[in-house]
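# How does the following fold in three dimensions:
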Amino acid sequence: MENHKTSRKFSPEVRERAVRMVFEHAPEHTSQWAAITSIAVKIGCTAQTLHTWVRQAERDQGLRAGLTTDERERMKALERENRELRQANEILRKASAYFAQAELDRRWKP
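Just a heads-up that it's a prediction; the model follows:
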């Protein structure tokens, strides 16, 4: 299930290029945020969106603490699998209880 907060408006190539531009042009600006706001206008996204992409790229490159993109995807997959297994276990538990009760009812009927 796709996260509705995440827009797929920008291709991975555009995201990578925008992040690369921030890293390359940061020295020309007073701060990284100034570079982000300048470049965000040029590519047509919000500064906060580009800021998020830059932070994730920094995590992926080991420049910032936190989960990398691969780790985040693996975590989501594990959480999804865990949720599905819990649902399957609940179904099996209810089915087992149902059939156990049916067996008891069958044994005591004359």
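
# Run a quick neighbour tally on Ser67.
If you look again at residue 67, you'll see it is Leu, not Ser. Leu67 has 13 neighbouring residues, counting by other Cβ atoms under 10 Å. The way it works is simple: take the backbone N, C-alpha and C, and place the C-beta from them, glycine included.

# Could you do Arg55 as well?
As a measure of burial, Arg55 has 14 neighbours, counting by other Cβ under 10 Å.

# mind checking pLDDT for it?
Turning to Arg55, the model gives it a pLDDT of 97.

# which residue sits closest to it, ignoring its sequence neighbours?
Arg64 (6.5 Å; Cβ to Cβ, 6 or more residues apart in numbering).

# Tell me the secondary structure of that neighbour, please.
Following DSSP: H, G, I helix; E, B strand; the rest coil, the label given to Arg64 is coil.

# Touching, it and Val54? I think so.
No - using Cβ atoms under 8 Å, Arg64 is not in contact with Val54; the gap is 9.5 Å.

# For those two, indicate the residue with more neighbours.
Per other Cβ under 10 Å, whichever of Arg64 and Val54 has more neighbours is Val54, with 24 against 13.

# element containing Leu92?
helix 69-107 (DSSP states H and E).

# likewise Val22?
Residue-wise, Val22 maps onto helix 12-25 under DSSP H and E.

# now that helix: how far from the chain's centre is it?
Centroid separation for helix 12-25 versus its chain: 20 Å, with Cα atoms, centre = their mean, to the nearest Å.

# Show me what that helix is packed against.
helix 32-43, helix 47-60 (3 or more Cβ pairs under 8 Å, 6 or more residues apart in numbering; DSSP states H and E).

# which residues does Asp70 contact?
Asp60 (Cβ atoms under 8 Å, 6 or more residues apart in numbering).

# Alright, I will stop here.
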